[in-house]
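J.: requesting a structural model of the entry that follows:
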Amino acid sequence: MPTVADQFIDVLVQAGVQRIYGIVGDSLNPVVDAVRRTEGIEWVHVRHEETAAFAASAEAQLTGRLAVCAGSCGPGNLHLINGLYDAHRSGAPVLALASHIPSEQIGTGFFQETHPEELFNECSHFCELMSQPAQMPRLLRTAMQTAAGRRGVSVLVLPGDVAQQEAVRATGHGVVDCAPPTVVPAPAQVRALADKLNGSERVMLFCGAGTRGAHQQVMELAEVLKAPVGHALRGKEWIQYDNQYDVGMSGLLGYGACYEAMHRADLVVLLGTDFPYDNFLPQANTVQVDIEPAHLGRRTVLDLAVQGDVRETIEALLPLLEPKQDRSFLDRCLREHAETLESVVSAYTRDVESQVPIHPEFVADVLDDVAADDAVFTVDTGMCNVWQARYITPNGRRRMLGSFVHGSMANALPQAIGAQQTDRRRQVISMSGDGGLSMLLGDLLTLRTHDLPVKVVVFNNSSLGMVKLEMLVDGMPDFGTDHDGIDYAAIATAAGLHAVRVRRPSEVREALAEALRRPGPALVDIVTDANALSMPPKITSAQVKGFALAVSRTVLSGGVGKMVQLARSNLRNVPRP
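T.: Reported below is the predicted structural model:
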């Protein structure tokens, strides 16, 4: 007779799950053994359960399908929680198996006892305890469908002794539907939005991750409205490429004329974005389109809220719009955007190939050159986010994953593991800060164990650069942010990876190109300037004072890579004022 663990794995395989990320042990052993005996599913052994959750999240975000991670009782599944928070906030359909102590011991203060159904409640749509075999397979299928349908995390808590018991109900056959719904707004909302747009002279579009699959429609809307188009960080990969209306990005990592365009418009249209920084928004003259009703109006007051997919909303809207003829607002924003980029680009191009320590901007710019057109970039939180936002050029085929909503450190390497598992032929590049890499350093061994051809590029400045910037903004001398320089190439070499340490700018291009050419995992440890920081697009006078008090030689601005070329090309048909 099959056990509950056998049923668990059978149901996963029926749903198309190909792997489980985790660490084996005690209460998980029945499930792991069922994996061993089942064709079509594998156990991906990682070195930390947090890595398992981040890897599952990356797989789910790339494929759109359910991904699975697991942790043993007590400390094992507690380690999942940070990665699950990130997955849940990123809308990644992930099932987490939190195995539990023997069921008869629950509530007695037994060894490693926790209460997972309480602990994981905040970072999941579904979290339930399976206390008896008769609950299988219905409870598992409910958990899976909830994660898939609501685009987030489900946690199933399974005591080890229950997993070993004989199944009492037939497994049967079932499917998990991961296709997100298409939401078309009510006709009255579309009409009201058209009236708003037709009655406004200066319209600006601000785009987030919800514009995925709607690039063409957004461009058509921008042309009809003669509207500049800006984006949030999560909207970059979907909206910036082939965009002749581009005015850059707003937010803490922003650049260009996006902020100014937003505040000069008489109507701002938020498209598929839950942009969290309300102080960057004008807090007036704003309409919002989003598939998630809870997002509408929670960052700014709205003149109009429209619930719907961006693509379907724009397609319903376009026939109702009166094309605008005056493009003076758009042209002015494009000119200011290009001039802004031109004014800072020299910060990383001037004598950069002779400057030591190496400018991280230069490294990111070269990486952008040598990486494949369909590469997946995973990006550590902190200054790596800045270099990715400003120097890695989207093209509609590249993907960019990070902890963009949760803001966790140490996400890039684990996400790269999950991304590479989806397609071993696709180039996956982890843009790792030395601070982030050191937190989950053991999972370099995971690359070796599974021979995953991930390329880890370490921006090694021996500093927590973003924390240093935060201190400087507040007028504090940086303290506790710098640490001893570590040769991560030597560590990676000892772990069996191809690795090289780079100290001179002239060596950067060949080191990166060679690593990307190699068939297996590789690490390039690049010693970069700890004083290369980045200013947000708008700061207060108090923050300026803080910088003046705390810093004298820090680099506070940088270029924006090939985005300046896009800005130049967009000016070709714009008349001089």
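J.: may I see the buried residues of the helix or strand hosting residue 10?
T.: Taking DSSP states H and E as the definition, one finds residue 10 inside helix 4-14. By neighbour count with 16 or more other C-beta atoms under 10 Å, helix 4-14 contains the buried residues 4-12, 14. The C-beta positions use only the backbone N, C-alpha and C, and glycine is treated the same way.
J.: kindly report the same for stretch 257-268.
T.: By neighbour count on 16+ other C-beta under 10 Å, the buried set for stretch 257-268 is 257-265, 267-268.
J.: about what we covered before: who does the helix or strand just after the helix holding residue 10 pair up with?
T.: Counting by DSSP H and E, the next helix or strand C-terminal to helix 4-14 is strand 19-22. Paired strands of strand 19-22, with direction, are strand 42-45 (parallel), strand 67-71 (parallel) (DSSP bridges).
J.: so where is this structure shaky, pLDDT-wise?
T.: Residues of the chain that meet the criterion pLDDT under 70 lie in 343-353, 464-466, 468-475, 532-559, 571-573, 575-577.
J.: for the spatially most central residue of it, which non-adjacent residue is spatially closest?
T.: Residue closest to the average C-alpha location in the chain (C-alpha atoms, centre = their mean): residue 402, at 3.0 Å. Nearest non-adjacent residue to residue 402, counting by C-beta to C-beta, 6 or more residues apart in numbering: residue 379, 4.0 Å away.
J.: that neighbour contacts residue 398, doesn't it?
T.: No: counting by C-beta atoms under 8 Å, residue 379 sits too far from residue 398 to count as a contact (12.0 Å).
J.: look at the two and report which has more neighbours.
T.: Between residue 379 and residue 398, counting by other C-beta atoms under 10 Å, residue 379 is the more crowded of the two (28 against 20).
J.: just say helix, strand or coil for residue 430.
T.: Assigned by DSSP: H, G, I helix; E, B strand; the rest coil, the conformation of residue 430 is strand.
J.: roughly how far does it sit from residue 235?
T.: Counting by C-beta to C-beta, to the nearest Å, the gap from residue 430 to residue 235 is 22 Å.
J.: what about those two, which has more around it?
T.: Using other C-beta under 10 Å as the criterion, residue 430 and residue 235 rank with residue 430 on top: 29 against 25.
J.: any idea how far residue 524 is from that one?
T.: Between residue 430 and residue 524 the computed distance is 10 Å (C-beta to C-beta).
J.: returning to what we had before: helices and strands around the helix holding residue 10, which ones?
T.: helix 29-36, helix 138-150, helix 160-164 (3 or more C-beta pairs under 8 Å, 6 or more residues apart in numbering; DSSP states H and E).
J.: now residue 372. Nearest residue, chain neighbours left out?
T.: Leaving aside its chain neighbours, residue 372 sits nearest to residue 427 (4.2 Å; criterion: C-beta to C-beta, 6+ apart).
J.: equivalent analysis for residue 234, please.
T.: Nearest in space to residue 234, with sequence neighbours left out and distances taken as C-beta to C-beta, 6+ apart, is residue 209 at 3.9 Å.
J.: hmm, the residue nearest to residue 372 is touching residue 376, no?
T.: Yes: look at residue 427 against residue 376 with C-beta under 8 Å: they come within range, at 7.1 Å.
J.: do a quick rundown of the helices in the stretch 401-550 of the chain.
T.: Counting by DSSP state H, counting those that start in this stretch, one finds helices in the stretch 401-550 of the chain at the ranges 412-422, 434-439, 444-449, 465-473, 488-494, 508-517, 541-550.
J.: okay, angle between the longest one and strand 67-71 too, please.
T.: What it means is helix 412-422. 130 degrees (axes from the mean of the first three to the mean of the last three C-alpha atoms, to 10 degrees).
J.: I'd like to know which elements helix 412-422 is packed against.
T.: Helix 412-422 makes packing contacts with strand 19-22, helix 49-63, strand 376-379, strand 399-402, strand 428-433, helix 434-439, helix 444-449 when contacts are defined by 3+ C-beta pairs under 8 Å, 6+ apart.
J.: what is the burial count for the closest residue to residue 45 other than its chain neighbours?
T.: By the measure of C-beta to C-beta, 6+ apart, the closest residue to residue 45 outside its immediate chain neighbours is residue 449, 6.2 Å from it. Counted with other C-beta under 10 Å, the neighbours of residue 449 add up to 16.
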